[in-house]
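[1] Sequence and predicted structure, then a few things I'm wondering about:
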Number of protein chains: 2
Amino acid sequence: MINNNLTSSLLSNAVDELASLPGIGKKSALRFALHLLKQPTENVNRFGKSIIKMREEIRYCSQCNMISDTPICSICSDKRRDRSLICVVESIRDVISIENTGEFNGLYHVLGGIISPMDGISPSDLAIDSLVKRVSEGGPREIFLALSTTMEGETTSFYIYKKIGSYPVKVSTIARGVGFGDELEYTDEVTLGRSIMNRQPFIPTNK
Amino acid sequence: MINNNLTSSLLSNAVDELASLPGIGKKSALRFALHLLKQPTENVNRFGKSIIKMREEIRYCSQCNMISDTPICSICSDKRRDRSLICVVESIRDVISIENTGEFNGLYHVLGGIISPMDGISPSDLAIDSLVKRVSEGGPREIFLALSTTMEGETTSFYIYKKIGSYPVKVSTIARGVGFGDELEYTDEVTLGRSIMNRQPFIPTNK
């Protein structure tokens, strides 16, 4: 409805494109477009070109499938990182989330999705063979499966576990439990139940 | 912090640009960038180019200053509209908001801002002279001041009222119903629509 009143096809085209961004409706898209109209032409040029260039020139690390400007990404080529530990994740975004914690010093393996028959995603669509190859070459001693706790995530973890079970690697998974700062009464029963079963030694920290 | 972990300057440049959109932080910008990376290259090209093209080629109506692809916009050139009534608004966005109510059938005059000494915006920065010219040429019989109910909006309304006071035009203002301090663009369509139907004579208050 908004588009019919824009009096400019240039504006309405740009609004349509901006409204294709995830979580952005026509109203926010219009706000973005009018904001961009107020910026100097060269800035808007740089804005548009940075996105086009990113899509056209982006490369993926040939080892872990992470986004990279070079054939081997900056994480895989970092000599200070523990090459015996590989964290398996669903997506690039998960690598960024884990990197932001500052708690992980190993390498990654981005699957590019999780097994989901409902969405037509089978193991052959994911970078599982290349993970098995990395394991078979003997580099990693531990494979750390950091996948979602959904049924699809659990299925994928199990599939990978079976695939690499014959190699001498330890397979670990992300700790499940009540989140820091979460209230017990609002924690779902499965999470709380598992957190009780898997209770851990209390380590007092003197603050 | 996120940017340091992106392993790609192409991605981090695009994220920086997307984060310049109003209300968009680094996290949402990253979400947009990763979404765009998943789209076909030609779609992302179209996305970027539509924005660059909009900024480079946008034109403004020589009569009302609304965004237009033609010298005279589709509203000003629409023969079915009431040419004796001109609605004065701050911005392009206000025209779109008012058009969306479907309650207004006159023409517009976009000032391009409101008088705001704090922001260094004086009457000469706004399209007030061209409004006076339109009034002096005798076309409009009513000038409908649809400015925000902020102090700056009231000041601008009063300034315009004084400027056109010597011409035989009725000066009206948007009905109170829009809350004081509320911006037009965030007002729901029913309230804004009623406020247009019930527009009232402008009663100047000397501040």
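    Good, I have the coordinates.
[2] where does chain A dip in pLDDT?
    Applying pLDDT under 70 to chain A flags residues A:1-5, A:205-207.
[3] so what strands line up beside the longest strand along chain A?
    Longest among the strand segments of chain A by residue count, using DSSP state E, is strand A:82-89. The pairing partners recorded for strand A:82-89 under DSSP bridges are strand A:106-110 (parallel), strand A:142-145 (parallel).
[4] Most tightly packed of those?
    Across the strands paired with strand A:82-89, averaging neighbours per residue (mean count of other CB atoms under 10 Å in any protein chain shown) puts strand A:106-110 on top, at a mean of 23. C-beta: built from backbone N, CA, C; applies to glycine.
[5] Looking at the strands paired with strand A:82-89, which is nearest to residue B:151?
    The closest of these to residue B:151 is strand A:106-110. By CB to CB, the value is 54.2 Å.
[6] Would you reformat the strands paired with strand A:82-89 as JSON lines and include distance to residue A:61?
    Converted to JSON lines, the strands paired with strand A:82-89 look like this (distance: least, CB to CB, whole Å):
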{"stretch": "strand A:106-110", "distance to residue A:61": "8"}
{"stretch": "strand A:142-145", "distance to residue A:61": "18"}
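[7] looking at these, which is closest to residue B:199?
    Within those, the stretch nearest residue B:199 is strand A:106-110; the backing value is 59.0 Å (CB to CB).
[8] can you give me how far that closest one is from the chain middle?
    Averaged C-alpha coordinates place strand A:106-110 at 11 Å from its chain's average position (CA atoms, centre = their mean, to the nearest Å).
[9] which residues does the residue nearest to residue A:65 when sequence neighbours are not counted contact?
    Spatial nearest neighbour of residue A:65, chain neighbours left out: residue A:110 (4.0 Å); criterion: CB to CB, 6 or more residues apart in numbering or on different chains. If you count contacts by CB atoms under 8 Å, 6 or more residues apart in numbering or on different chains, residue A:110 has them with A:64-66, A:89-92, A:94-95, A:127.
[10] picking up where we left off before, so which of the strands paired with strand A:82-89 comes closest to residue A:162?
    Closest to residue A:162 of the strands paired with strand A:82-89 is strand A:142-145 (CB to CB; 12.1 Å).
[11] then the closest one to PDB, C-alphas only?
    Taking C-alpha atoms only, strand A:142-145 is exported to PDB below (Å, rounded to 0.1, in the frame of the first residue of the first chain):
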ATOM      1  CA  GLU A 142      39.000 -33.800  19.500                       C
ATOM      2  CA  ILE A 143      35.800 -33.000  17.500                       C
ATOM      3  CA  PHE A 144      33.600 -30.600  19.400                       C
ATOM      4  CA  LEU A 145      30.000 -30.700  18.100                       C
END
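[12] domain assignment for chain A?
    Chain A is divided into the following domains under automatic domain parsing: A:2-57, A:67-173.
[13] Show me the strands in chain A, by range?
    For chain A, applying DSSP E gives strands covering A:59-60, A:67-68, A:82-89, A:106-110, A:142-145, A:170-173.
[14] For the third one, which outside residues touch it?
    Among residues not part of strand A:82-89, those counted as contacts by CB under 8 Å, 6+ apart are A:95, A:98, A:104-111, A:131, A:134-135, A:139-147, A:160.
[15] that older thread, what's the closest of the domains of chain A to residue B:119?
    Per CB to CB, nearest to residue B:119 of the domains of chain A: domain A:2-57, 13.6 Å.
[16] Counting residues, which helix of chain A comes out longest?
    helix A:41-57 (DSSP state H).
[17] tell me the angle that helix makes with helix B:41-57.
    Here helix A:41-57 runs at an angle of 170 degrees relative to helix B:41-57 (axes from the mean of the first three to the mean of the last three CA atoms, to 10 degrees).
[18] separation between residue A:33 and chain B?
    Note on residue A:33: its distance to chain B, by CB to the nearest CB, to the nearest Å, is 7 Å.
[19] my guess is residue A:26 meets residue A:19, correct?
    Yes. Applying CB atoms under 8 Å, one finds residue A:26 in contact with residue A:19, separated by 5.2 Å.
[20] For the residue nearest to residue A:168 when sequence neighbours are not counted, grab phi and psi.
    Excluding the flanking residues, the one nearest residue A:168 by CB to CB, 6+ apart is residue A:141, at 7.9 Å. Dihedral pair for residue A:141: phi -110, psi -20, per degrees, to the nearest 10.
[21] I'd like the distance between residue A:141 and chain B.
    Distance of residue A:141 to chain B, given as CB to the nearest CB: 24 Å.
[22] Count the residues that sit near that residue.
    Using other CB atoms under 10 Å in any protein chain shown, residue A:141 has 14 neighbouring residues.
[23] still on that earlier bit, looking at the domains of chain A, which is buried most?
    Ranked by mean neighbour count, the domains of chain A are led by domain A:2-57 with a mean of 18 (mean count of other CB under 10 Å).
[24] so which of the contacts of residue A:110 comes closest to residue B:120?
    Of the contacts of residue A:110, the one sitting nearest to residue B:120 (CB to CB) turns out to be residue A:92, at 44.2 Å.
[25] Now do the same contact list for the closest one.
    Residue A:92 neighbours (CB under 8 Å, 6+ apart): A:66-67, A:110, B:34.
[26] Switch the residues you listed over to a markdown table; also include distance to residue A:15.
    Formatted as a markdown table, the contacts of residue A:92 follow (distance: CB to CB, whole Å):
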| residue | distance to residue A:15 |
| --- | --- |
| A:66 | 33 |
| A:67 | 28 |
| A:110 | 33 |
| B:34 | 22 |
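[27] nearest residue to residue A:121 other than its sequence neighbours?
    The shortest distance from residue A:121 to any non-neighbouring residue, by CB to CB, 6+ apart, is to residue A:113 (5.2 Å).
[28] doesn't residue A:65 make contact with that neighbour?
    No. In this structure residue A:113 lies outside contact range of residue A:65 using CB under 8 Å: 10.9 Å.
[29] the helices in chain A, which residues?
    A:9-18, A:26-38, A:41-57, A:92-101, A:129-136, A:151-164, A:189-197.
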